[in-house]
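Novice: this is a predicted model, with the sequence first.
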Amino acid sequence: MKLVELQGVTFVEGGVCAAKGFRANGVQCGLAHKPLGEMDAANAAANNAVPTAKKKNDLALIVADKECQAAAVYTTNKVKGAPILVTKEHIKDGKARAVIVNSVNANTCNPDGVEKATKMCQLAAEALGIDENDVIVASTGVIGQVLPIEPIANAMGELKDGLTYDGNKRALEAIMTTDTQEKEIAVKFEMGGKNCTMGGMLKGSGMIHPNMATTLTFLTTDADISAEMIQHALSDIVKVTLNRASVDGDTSTNDMVCIMASGEAGNTPVTTEDENYEKFKHALYTIMMNLARMMARDGEGATKLVECAVRGAENDDIAEKVAKSVIGSSLIKAMIFGEDANAGRIFCALGYADADFDIRKVDIEMASAGGVIPLGRKGNVIEFSEVLAKKILQEEEIKILISLGEGQGKAIAWGCDLTYDYVKINGDYRS
(Lines give C-alpha, C1' and ligand atoms only; values in the text may rest on other atoms or scores of the structure.)
Protein backbone atom coordinates (compact mmCIF):
# COMPACT_ATOMS: atom_id res chain seq x y z
CA MET A 1 0.00 0.00 0.00
CA LYS A 2 1.08 3.58 -0.62
CA LEU A 3 2.86 5.42 2.19
CA VAL A 4 1.58 8.83 3.28
CA GLU A 5 4.52 11.23 3.11
CA LEU A 6 4.37 14.42 5.17
CA GLN A 7 6.34 17.60 4.62
CA GLY A 8 9.73 17.68 6.30
CA VAL A 9 10.45 13.94 6.15
CA THR A 10 11.88 11.66 3.47
CA PHE A 11 11.35 7.91 3.32
CA VAL A 12 14.45 5.72 3.32
CA GLU A 13 15.14 1.99 3.48
CA GLY A 14 16.35 0.02 6.46
CA GLY A 15 13.58 -0.19 9.03
CA VAL A 16 15.01 -0.54 12.55
CA CYS A 17 18.53 -0.57 11.08
CA ALA A 18 18.16 2.71 9.16
CA ALA A 19 19.36 4.89 12.06
CA LYS A 20 23.08 5.00 12.84
CA GLY A 21 24.36 2.43 15.28
CA PHE A 22 21.69 -0.29 15.20
CA ARG A 23 22.09 -3.92 14.24
CA ALA A 24 19.43 -6.62 14.05
CA ASN A 25 18.90 -10.28 13.32
CA GLY A 26 16.18 -12.91 13.32
CA VAL A 27 16.45 -16.70 13.45
CA GLN A 28 14.23 -19.76 13.55
CA CYS A 29 14.80 -21.28 16.99
CA GLY A 30 12.01 -23.86 16.89
CA LEU A 31 9.05 -22.53 18.86
CA ALA A 32 6.66 -24.84 17.00
CA HIS A 33 5.55 -22.56 14.18
CA LYS A 34 3.16 -23.96 11.63
CA PRO A 35 5.15 -24.67 8.44
CA LEU A 36 4.63 -22.10 5.75
CA GLY A 37 3.77 -24.30 2.77
CA GLU A 38 5.35 -23.05 -0.42
CA MET A 39 3.09 -25.44 -2.31
CA ASP A 40 -0.04 -27.03 -0.88
CA ALA A 41 -0.81 -30.70 -1.33
CA ALA A 42 -3.35 -30.16 -4.11
CA ASN A 43 -0.99 -28.02 -6.15
CA ALA A 44 1.81 -30.47 -5.52
CA ALA A 45 -0.27 -33.39 -6.76
CA ALA A 46 -1.36 -31.45 -9.83
CA ASN A 47 2.24 -30.69 -10.66
CA ASN A 48 3.55 -34.14 -9.73
CA ALA A 49 5.81 -32.53 -7.15
CA VAL A 50 6.58 -32.96 -3.48
CA PRO A 51 5.29 -30.07 -1.32
CA THR A 52 8.00 -28.20 0.52
CA ALA A 53 7.72 -26.26 3.75
CA LYS A 54 9.72 -23.45 5.26
CA LYS A 55 9.66 -22.40 8.87
CA LYS A 56 9.79 -18.67 9.50
CA ASN A 57 12.00 -16.86 11.95
CA ASP A 58 10.58 -16.71 15.47
CA LEU A 59 13.27 -14.96 17.53
CA ALA A 60 14.66 -11.46 16.94
CA LEU A 61 17.30 -9.21 18.43
CA ILE A 62 17.85 -5.48 17.96
CA VAL A 63 21.05 -4.03 19.43
CA ALA A 64 22.46 -0.51 19.69
CA ASP A 65 26.18 0.14 19.56
CA LYS A 66 25.86 2.33 22.64
CA GLU A 67 23.45 2.84 25.52
CA CYS A 68 20.27 4.57 24.41
CA GLN A 69 17.62 6.79 25.86
CA ALA A 70 14.45 4.70 25.91
CA ALA A 71 10.70 4.92 26.46
CA ALA A 72 7.67 2.70 25.98
CA VAL A 73 3.88 2.58 26.01
CA TYR A 74 2.01 -0.56 27.05
CA THR A 75 -1.38 -2.24 26.79
CA THR A 76 -4.09 -1.17 29.23
CA ASN A 77 -5.47 -4.71 29.37
CA LYS A 78 -5.62 -5.80 33.05
CA VAL A 79 -4.03 -9.08 31.97
CA LYS A 80 -0.46 -8.19 31.00
CA GLY A 81 2.13 -10.48 29.49
CA ALA A 82 5.15 -11.25 31.67
CA PRO A 83 7.52 -9.48 29.21
CA ILE A 84 5.73 -6.19 29.87
CA LEU A 85 6.24 -6.52 33.61
CA VAL A 86 9.95 -7.16 33.11
CA THR A 87 10.43 -4.43 30.50
CA LYS A 88 8.72 -1.82 32.68
CA GLU A 89 11.21 -2.55 35.43
CA HIS A 90 14.21 -2.52 33.08
CA ILE A 91 13.55 0.84 31.42
CA LYS A 92 12.26 2.77 34.40
CA ASP A 93 15.65 4.54 34.34
CA GLY A 94 15.08 5.62 30.73
CA LYS A 95 17.95 3.49 29.43
CA ALA A 96 18.16 0.47 27.11
CA ARG A 97 20.62 -1.16 24.75
CA ALA A 98 18.81 -4.12 23.18
CA VAL A 99 15.45 -5.71 22.40
CA ILE A 100 14.83 -9.46 22.35
CA VAL A 101 11.45 -10.66 21.09
CA ASN A 102 9.87 -13.96 20.18
CA SER A 103 6.71 -14.88 18.30
CA VAL A 104 4.56 -18.06 18.54
CA ASN A 105 4.18 -17.90 22.35
CA ALA A 106 2.95 -14.79 24.22
CA ASN A 107 4.34 -15.90 27.61
CA THR A 108 1.16 -14.69 29.28
CA CYS A 109 -0.97 -16.19 32.08
CA ASN A 110 1.85 -18.56 33.04
CA PRO A 111 3.13 -18.99 36.62
CA ASP A 112 6.74 -18.98 35.40
CA GLY A 113 6.23 -16.12 32.94
CA VAL A 114 8.34 -13.49 34.67
CA GLU A 115 11.09 -16.03 35.26
CA LYS A 116 11.15 -16.90 31.54
CA ALA A 117 11.06 -13.25 30.42
CA THR A 118 13.89 -12.43 32.80
CA LYS A 119 15.88 -15.40 31.51
CA MET A 120 15.46 -14.15 27.93
CA CYS A 121 17.03 -10.84 29.00
CA GLN A 122 19.86 -12.65 30.79
CA LEU A 123 20.59 -14.79 27.74
CA ALA A 124 20.72 -11.74 25.46
CA ALA A 125 22.85 -9.78 27.93
CA GLU A 126 25.35 -12.62 28.31
CA ALA A 127 25.68 -13.02 24.54
CA LEU A 128 26.13 -9.28 24.00
CA GLY A 129 28.25 -8.52 27.08
CA ILE A 130 25.81 -5.93 28.45
CA ASP A 131 23.72 -5.44 31.60
CA GLU A 132 20.50 -7.50 31.58
CA ASN A 133 18.65 -4.43 32.90
CA ASP A 134 19.39 -2.73 29.58
CA VAL A 135 17.40 -5.36 27.65
CA ILE A 136 13.79 -4.88 26.57
CA VAL A 137 11.87 -8.15 26.19
CA ALA A 138 8.65 -8.83 24.28
CA SER A 139 6.64 -11.87 23.21
CA THR A 140 3.67 -12.45 20.93
CA GLY A 141 1.60 -15.47 20.01
CA VAL A 142 -0.66 -17.90 21.83
CA ILE A 143 -1.75 -16.87 25.33
CA GLY A 144 -1.70 -19.38 28.18
CA GLN A 145 0.94 -21.82 26.94
CA VAL A 146 4.22 -22.25 28.80
CA LEU A 147 7.15 -20.71 26.93
CA PRO A 148 9.99 -23.22 26.43
CA ILE A 149 13.24 -21.41 27.15
CA GLU A 150 15.58 -24.11 25.79
CA PRO A 151 15.07 -23.30 22.07
CA ILE A 152 15.76 -19.62 22.79
CA ALA A 153 18.90 -20.42 24.78
CA ASN A 154 20.17 -22.77 22.08
CA ALA A 155 19.70 -20.12 19.37
CA MET A 156 21.41 -17.21 21.15
CA GLY A 157 24.81 -17.86 19.59
CA GLU A 158 23.41 -17.87 16.06
CA LEU A 159 21.21 -14.87 16.85
CA LYS A 160 24.12 -12.80 18.17
CA ASP A 161 26.62 -13.86 15.51
CA GLY A 162 24.20 -12.92 12.72
CA LEU A 163 23.66 -9.33 13.88
CA THR A 164 24.23 -6.89 11.01
CA TYR A 165 23.47 -3.28 10.18
CA ASP A 166 21.08 -4.50 7.50
CA GLY A 167 19.39 -7.30 9.44
CA ASN A 168 16.03 -5.54 9.73
CA LYS A 169 14.16 -7.93 7.43
CA ARG A 170 15.25 -11.00 9.38
CA ALA A 171 14.12 -9.39 12.62
CA LEU A 172 10.84 -8.28 11.08
CA GLU A 173 9.98 -11.80 9.92
CA ALA A 174 10.56 -13.10 13.45
CA ILE A 175 7.85 -10.94 15.04
CA MET A 176 5.11 -11.75 12.54
CA THR A 177 2.31 -14.13 13.56
CA THR A 178 -0.84 -14.00 11.41
CA ASP A 179 0.58 -10.97 9.57
CA THR A 180 0.60 -11.43 5.81
CA GLN A 181 2.42 -8.21 4.96
CA GLU A 182 5.70 -6.74 6.20
CA LYS A 183 5.26 -3.58 8.22
CA GLU A 184 8.36 -1.43 8.46
CA ILE A 185 9.30 2.12 7.62
CA ALA A 186 12.12 4.62 8.06
CA VAL A 187 12.47 8.37 7.52
CA LYS A 188 15.14 11.04 7.48
CA PHE A 189 14.52 14.49 8.95
CA GLU A 190 16.52 17.56 9.95
CA MET A 191 16.78 18.43 13.61
CA GLY A 192 19.22 20.67 15.44
CA GLY A 193 21.24 21.28 12.29
CA LYS A 194 21.85 17.58 11.69
CA ASN A 195 20.28 14.88 9.53
CA CYS A 196 18.50 12.40 11.79
CA THR A 197 16.94 9.05 11.00
CA MET A 198 14.10 7.12 12.60
CA GLY A 199 12.90 3.64 11.70
CA GLY A 200 10.52 1.06 12.97
CA MET A 201 8.81 -2.28 12.53
CA LEU A 202 5.41 -3.47 13.66
CA LYS A 203 3.56 -6.73 14.06
CA GLY A 204 -0.19 -6.61 14.26
CA SER A 205 -3.01 -8.25 12.36
CA GLY A 206 -5.52 -9.45 14.96
CA MET A 207 -6.52 -8.46 18.50
CA ILE A 208 -6.30 -4.85 17.33
CA HIS A 209 -8.49 -2.19 18.89
CA PRO A 210 -8.01 1.39 20.17
CA ASN A 211 -6.79 0.95 23.72
CA MET A 212 -3.20 2.12 24.09
CA ALA A 213 -0.60 0.39 21.91
CA THR A 214 -2.59 -2.42 20.24
CA THR A 215 0.52 -4.09 18.77
CA LEU A 216 4.20 -4.83 19.14
CA THR A 217 6.16 -1.94 17.65
CA PHE A 218 9.90 -1.35 17.88
CA LEU A 219 11.39 2.01 16.92
CA THR A 220 14.98 3.22 16.69
CA THR A 221 16.47 6.64 16.06
CA ASP A 222 19.91 8.23 16.05
CA ALA A 223 18.47 11.54 17.28
CA ASP A 224 19.84 12.91 20.54
CA ILE A 225 16.77 13.36 22.76
CA SER A 226 16.13 12.75 26.44
CA ALA A 227 14.10 9.78 27.65
CA GLU A 228 11.62 12.19 29.22
CA MET A 229 10.96 13.94 25.89
CA ILE A 230 10.74 10.60 24.04
CA GLN A 231 8.15 9.37 26.53
CA HIS A 232 6.14 12.57 26.21
CA ALA A 233 6.15 12.42 22.40
CA LEU A 234 5.43 8.69 22.25
CA SER A 235 2.48 8.88 24.64
CA ASP A 236 0.95 11.70 22.60
CA ILE A 237 1.51 10.12 19.18
CA VAL A 238 0.16 6.70 20.17
CA LYS A 239 -3.17 8.36 20.95
CA VAL A 240 -3.60 9.68 17.40
CA THR A 241 -2.11 6.74 15.46
CA LEU A 242 -2.09 3.19 16.83
CA ASN A 243 -4.83 4.11 19.27
CA ARG A 244 -7.08 4.96 16.31
CA ALA A 245 -6.73 1.66 14.49
CA SER A 246 -9.15 -1.23 14.89
CA VAL A 247 -9.44 -4.67 13.33
CA ASP A 248 -11.67 -6.74 15.57
CA GLY A 249 -12.47 -5.02 18.87
CA ASP A 250 -9.96 -7.04 20.92
CA THR A 251 -7.02 -5.49 22.76
CA SER A 252 -4.14 -7.87 23.39
CA THR A 253 -2.30 -8.62 26.61
CA ASN A 254 1.22 -8.06 25.25
CA ASP A 255 0.89 -4.75 23.41
CA MET A 256 4.00 -2.60 23.54
CA VAL A 257 5.60 0.26 21.63
CA CYS A 258 9.19 1.11 22.53
CA ILE A 259 11.84 3.51 21.22
CA MET A 260 15.60 3.51 21.61
CA ALA A 261 17.48 6.74 20.75
CA SER A 262 21.25 6.44 20.30
CA GLY A 263 22.10 10.13 19.84
CA GLU A 264 24.63 9.28 17.11
CA ALA A 265 23.24 11.89 14.72
CA GLY A 266 25.07 14.49 16.78
CA ASN A 267 22.26 17.05 16.94
CA THR A 268 21.90 19.48 19.80
CA PRO A 269 20.29 17.39 22.58
CA VAL A 270 16.52 17.82 22.83
CA THR A 271 15.52 18.25 26.47
CA THR A 272 12.55 20.65 26.26
CA GLU A 273 9.45 21.10 24.09
CA ASP A 274 11.19 23.39 21.62
CA GLU A 275 11.21 23.56 17.82
CA ASN A 276 13.46 20.50 17.54
CA TYR A 277 11.14 18.51 19.78
CA GLU A 278 8.29 19.31 17.41
CA LYS A 279 10.39 18.07 14.48
CA PHE A 280 11.07 14.82 16.33
CA LYS A 281 7.39 14.46 17.13
CA HIS A 282 6.46 15.10 13.49
CA ALA A 283 8.83 12.36 12.31
CA LEU A 284 7.44 10.01 14.94
CA TYR A 285 3.88 10.74 13.79
CA THR A 286 4.84 9.99 10.18
CA ILE A 287 6.29 6.64 11.20
CA MET A 288 3.46 5.58 13.47
CA MET A 289 0.61 6.87 11.30
CA ASN A 290 1.88 4.84 8.38
CA LEU A 291 2.43 1.77 10.55
CA ALA A 292 -1.14 2.13 11.86
CA ARG A 293 -2.45 2.20 8.29
CA MET A 294 -0.39 -0.88 7.39
CA MET A 295 -1.71 -2.69 10.44
CA ALA A 296 -5.34 -1.90 9.64
CA ARG A 297 -4.90 -2.95 6.00
CA ASP A 298 -3.38 -6.26 7.07
CA GLY A 299 -6.14 -7.07 9.54
CA GLU A 300 -6.73 -10.79 9.71
CA GLY A 301 -8.52 -11.79 6.51
CA ALA A 302 -8.89 -8.16 5.42
CA THR A 303 -9.06 -7.09 1.78
CA LYS A 304 -9.52 -3.34 2.23
CA LEU A 305 -8.27 -0.44 4.34
CA VAL A 306 -11.03 1.77 5.73
CA GLU A 307 -10.26 5.34 6.78
CA CYS A 308 -12.86 7.46 8.57
CA ALA A 309 -12.12 11.20 8.56
CA VAL A 310 -14.36 13.35 10.75
CA ARG A 311 -14.39 17.16 10.62
CA GLY A 312 -16.63 19.93 11.84
CA ALA A 313 -16.84 18.61 15.40
CA GLU A 314 -17.10 20.86 18.43
CA ASN A 315 -13.67 19.52 19.47
CA ASP A 316 -11.13 16.85 18.53
CA ASP A 317 -12.31 14.50 21.26
CA ILE A 318 -15.82 14.30 19.80
CA ALA A 319 -14.40 13.80 16.31
CA GLU A 320 -12.18 10.97 17.55
CA LYS A 321 -15.05 9.16 19.27
CA VAL A 322 -17.18 9.36 16.14
CA ALA A 323 -14.36 8.14 13.87
CA LYS A 324 -13.58 5.21 16.19
CA SER A 325 -17.25 4.28 16.38
CA VAL A 326 -17.47 4.04 12.60
CA ILE A 327 -14.32 2.00 11.98
CA GLY A 328 -15.16 -0.30 14.90
CA SER A 329 -18.59 -1.28 13.58
CA SER A 330 -18.80 -4.92 12.49
CA LEU A 331 -21.74 -4.09 10.25
CA ILE A 332 -19.80 -1.37 8.45
CA LYS A 333 -16.79 -3.69 8.12
CA ALA A 334 -19.03 -6.35 6.56
CA MET A 335 -20.66 -3.72 4.35
CA ILE A 336 -17.25 -2.68 2.98
CA PHE A 337 -16.32 -6.30 2.27
CA GLY A 338 -19.60 -6.91 0.47
CA GLU A 339 -19.21 -3.63 -1.46
CA ASP A 340 -22.73 -2.59 -0.45
CA ALA A 341 -23.07 1.16 0.27
CA ASN A 342 -25.53 0.87 3.16
CA ALA A 343 -25.48 4.45 4.44
CA GLY A 344 -27.90 3.60 7.24
CA ARG A 345 -25.20 1.54 8.93
CA ILE A 346 -22.90 4.56 9.03
CA PHE A 347 -25.61 6.73 10.58
CA CYS A 348 -26.28 3.95 13.10
CA ALA A 349 -22.61 3.82 14.16
CA LEU A 350 -22.60 7.60 14.50
CA GLY A 351 -25.65 7.43 16.70
CA TYR A 352 -24.18 5.12 19.33
CA ALA A 353 -20.86 6.97 19.55
CA ASP A 354 -20.22 8.27 23.07
CA ALA A 355 -20.23 11.88 21.85
CA ASP A 356 -22.62 14.83 21.77
CA PHE A 357 -23.55 16.36 18.40
CA ASP A 358 -26.66 17.27 16.42
CA ILE A 359 -27.40 14.49 13.91
CA ARG A 360 -29.46 16.96 11.88
CA LYS A 361 -26.22 18.69 10.84
CA VAL A 362 -24.36 15.57 9.74
CA ASP A 363 -23.22 15.00 6.14
CA ILE A 364 -21.63 11.74 4.92
CA GLU A 365 -19.60 10.97 1.81
CA MET A 366 -17.65 7.94 0.64
CA ALA A 367 -14.52 8.14 -1.49
CA SER A 368 -11.74 6.11 -3.06
CA ALA A 369 -9.62 6.11 -6.20
CA GLY A 370 -12.92 5.22 -7.92
CA GLY A 371 -14.54 8.57 -7.10
CA VAL A 372 -16.55 10.42 -4.45
CA ILE A 373 -20.22 10.05 -3.65
CA PRO A 374 -22.53 11.76 -1.10
CA LEU A 375 -24.51 9.27 1.00
CA GLY A 376 -26.20 11.51 3.54
CA ARG A 377 -27.15 15.15 4.07
CA LYS A 378 -28.42 16.84 7.24
CA GLY A 379 -28.91 13.56 9.05
CA ASN A 380 -30.76 11.78 6.25
CA VAL A 381 -29.78 9.14 3.70
CA ILE A 382 -30.06 10.58 0.18
CA GLU A 383 -30.45 8.96 -3.23
CA PHE A 384 -27.16 8.02 -4.85
CA SER A 385 -25.85 6.06 -7.80
CA GLU A 386 -25.43 2.40 -6.83
CA VAL A 387 -23.17 1.96 -9.85
CA LEU A 388 -20.76 4.68 -8.69
CA ALA A 389 -20.93 3.46 -5.10
CA LYS A 390 -19.99 -0.04 -6.24
CA LYS A 391 -17.07 1.34 -8.25
CA ILE A 392 -15.82 3.25 -5.20
CA LEU A 393 -16.09 0.22 -2.93
CA GLN A 394 -14.16 -2.01 -5.33
CA GLU A 395 -10.94 -0.15 -4.51
CA GLU A 396 -8.44 -1.32 -1.87
CA GLU A 397 -8.58 1.90 0.20
CA ILE A 398 -11.99 3.29 1.16
CA LYS A 399 -12.62 6.63 2.89
CA ILE A 400 -15.73 7.50 4.89
CA LEU A 401 -15.92 11.29 5.18
CA ILE A 402 -18.14 12.78 7.89
CA SER A 403 -18.91 16.43 8.60
CA LEU A 404 -20.63 17.20 11.90
CA GLY A 405 -21.17 20.87 11.03
CA GLU A 406 -20.50 22.24 14.52
CA GLY A 407 -16.90 23.41 14.87
CA GLN A 408 -13.23 22.94 14.01
CA GLY A 409 -12.60 19.56 15.65
CA LYS A 410 -11.26 16.76 13.47
CA ALA A 411 -9.85 13.22 13.69
CA ILE A 412 -8.92 10.24 11.53
CA ALA A 413 -9.24 6.55 12.42
CA TRP A 414 -8.33 3.41 10.47
CA GLY A 415 -9.93 0.00 10.18
CA CYS A 416 -10.55 -2.79 7.68
CA ASP A 417 -13.29 -4.91 6.24
CA LEU A 418 -14.59 -8.05 7.96
CA THR A 419 -14.28 -11.16 5.82
CA TYR A 420 -14.99 -14.89 6.00
CA ASP A 421 -11.28 -15.50 6.46
CA TYR A 422 -11.20 -13.70 9.82
CA VAL A 423 -13.29 -16.51 11.32
CA LYS A 424 -11.23 -19.18 9.56
CA ILE A 425 -7.97 -17.73 10.92
CA ASN A 426 -9.22 -17.44 14.50
CA GLY A 427 -11.28 -20.64 14.53
CA ASP A 428 -8.12 -22.76 14.78
CA TYR A 429 -5.49 -20.22 15.85
CA ARG A 430 -3.74 -22.62 18.27
CA SER A 431 -3.70 -25.57 15.91
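Specialist: Now that the structure is in, tell me what you want to look at.
Novice: mind listing the helices for this protein?
Specialist: With helices called from DSSP state H, the chain shows them at 41-46, 82-90, 113-128, 150-161, 168-175, 227-240, 275-297, 316-327, 330-338, 343-351, 386-393, 420-427.
Novice: L216 versus the nearest residue to K116 once chain neighbours are set aside, what's the distance?
Specialist: Nearest residue to K116, sequence neighbours excluded (CB to CB, 6 or more residues apart in numbering): L147, at 4.8 Å. The way it works is simple: take the backbone N, C-alpha and C, and place the C-beta from them, glycine included. Per CB to CB, to the nearest Å, L147 is found 15 Å from L216.
Novice: can I assume V104 is in contact with P148?
Specialist: No - in this structure, V104 is not within contact of P148 by CB atoms under 8 Å, at 9.8 Å.
Novice: pull up the overlap in contacts between the two.
Specialist: Residues touching both V104 and P148 (CB atoms under 8 Å, 6 or more residues apart in numbering): L31.
Novice: settle it for me: which of the two has more neighbours?
Specialist: Of the pair V104 and P148, V104 is the one with more neighbours under other CB atoms under 10 Å, namely 24 against 15.
Novice: what does the pLDDT read for that one?
Specialist: Looking at V104, its pLDDT reads 90.
Novice: any idea how far N57 is from it?
Specialist: Counting by CB to CB - V104 and N57 are separated by 10 Å.
Novice: repeat for A72
Specialist: From A72 to N57 the distance is 23 Å (CB to CB).
Novice: now swap in P111 and tell me
Specialist: When P111 is compared with N57 (using CB to CB), they lie 28 Å apart.
Novice: partner residues bridging T221?
Specialist: M198, A261 (DSSP bridges).
Novice: likewise for A411?
Specialist: Counting by DSSP bridges, A411 is bridged to V310.
Novice: that one and R244 touch, don't they?
Specialist: Yes - judged on CB under 8 Å, A411 makes contact with R244 at a distance of 7.2 Å.
Novice: overlap in contacts, these two.
Specialist: 320, 323.
Novice: pLDDT at the nearest residue to G266 once chain neighbours are set aside, what is it?
Specialist: Leaving aside its chain neighbours, G266 sits nearest to K194 (5.3 Å; criterion: CB to CB, 6+ apart). For K194, the pLDDT comes out at 96.
Novice: wait, K194 sits on N267?
Specialist: Yes - contact status for K194 versus N267: in contact at 4.0 Å, counting by CB under 8 Å.
Novice: between those two, which has more neighbouring residues?
Specialist: Counted by other CB under 10 Å, K194 and N267 do not tie: N267 has more neighbours, with 21 against 16.
Novice: and the more buried one, what does it touch?
Specialist: So N267 contacts 191-194, 196, 223-224, 276 (CB under 8 Å, 6+ apart).
Novice: what's the PyMOL syntax to select whichever of these are buried?
Specialist: The PyMOL selection below is limited to those of the contacts of N267 classed as buried (16 or more other CB atoms under 10 Å):
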select buried, resi 191+192+194+196+223+224+276
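Novice: tabulate the contacts of N267 in a markdown table, adding columns for distance to K78.
Specialist: Converted to a markdown table, the contacts of N267 look like this (distance: CB to CB, whole Å):
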| residue | distance to K78 |
| --- | --- |
| M191 | 38 |
| G192 | 41 |
| G193 | 46 |
| K194 | 43 |
| C196 | 37 |
| A223 | 34 |
| D224 | 37 |
| N276 | 38 |
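Novice: let me see the domain layout of this structure.
Specialist: 10-30+57-297, 305-427 (automatic domain parsing).
Novice: okay, these, which one's buried deepest?
Specialist: Mean neighbours per residue, mean count of other CB atoms under 10 Å, is largest over the domains of the chain for domain 10-30+57-297, with a mean of 21.
Novice: end-to-end on that one?
Specialist: 22 Å (CA to CA, to the nearest Å).
Novice: I'd like the distance from it to the chain centre, please.
Specialist: Offset of domain 10-30+57-297 from its chain centre (CA atoms, centre = their mean, to the nearest Å): 10 Å.
Novice: who's in contact with the residue nearest to G266?
Specialist: 265-267.
Novice: with F357 instead?
Specialist: Contacts of F357 by CB under 8 Å, 6+ apart are 313-314, 318, 322, 404, 406.
Novice: make TSV out of the residues you listed and add distance to I130 and pLDDT.
Specialist: Shown next, in TSV, are these (distance: CB to CB, whole Å; pLDDT from 0 to 100):
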residue	distance to I130	pLDDT
A313	48	97
E314	51	97
I318	47	96
V322	47	96
L404	52	97
E406	54	95
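Novice: which among these gets closest to K391?
Specialist: V322 (26.2 Å; CB to CB).
Novice: circling back: among the domains of the chain, which comes closest to M1?
Specialist: Here domain 10-30+57-297 is closest among those (CB to CB), at 5.4 Å.
Novice: any idea how far Q408 is from D316?
Specialist: 9 Å.
Novice: for N168, that is, sorry about that
Specialist: According to CB to CB, N168 and Q408 sit 40 Å apart.
Novice: got it, and L147?
Specialist: Per CB to CB, L147 is found 49 Å from Q408.
Novice: related to what we said a few turns ago, and the helices of the chain as JSON lines, adding distance to Q7?
Specialist: Shown next, in JSON lines, are the helices of the chain (distance: least, CB to CB, whole Å):
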{"stretch": "helix 41-46", "distance to Q7": "47"}
{"stretch": "helix 82-90", "distance to Q7": "34"}
{"stretch": "helix 113-128", "distance to Q7": "39"}
{"stretch": "helix 150-161", "distance to Q7": "39"}
{"stretch": "helix 168-175", "distance to Q7": "26"}
{"stretch": "helix 227-240", "distance to Q7": "17"}
{"stretch": "helix 275-297", "distance to Q7": "9"}
{"stretch": "helix 316-327", "distance to Q7": "21"}
{"stretch": "helix 330-338", "distance to Q7": "30"}
{"stretch": "helix 343-351", "distance to Q7": "31"}
{"stretch": "helix 386-393", "distance to Q7": "28"}
{"stretch": "helix 420-427", "distance to Q7": "36"}
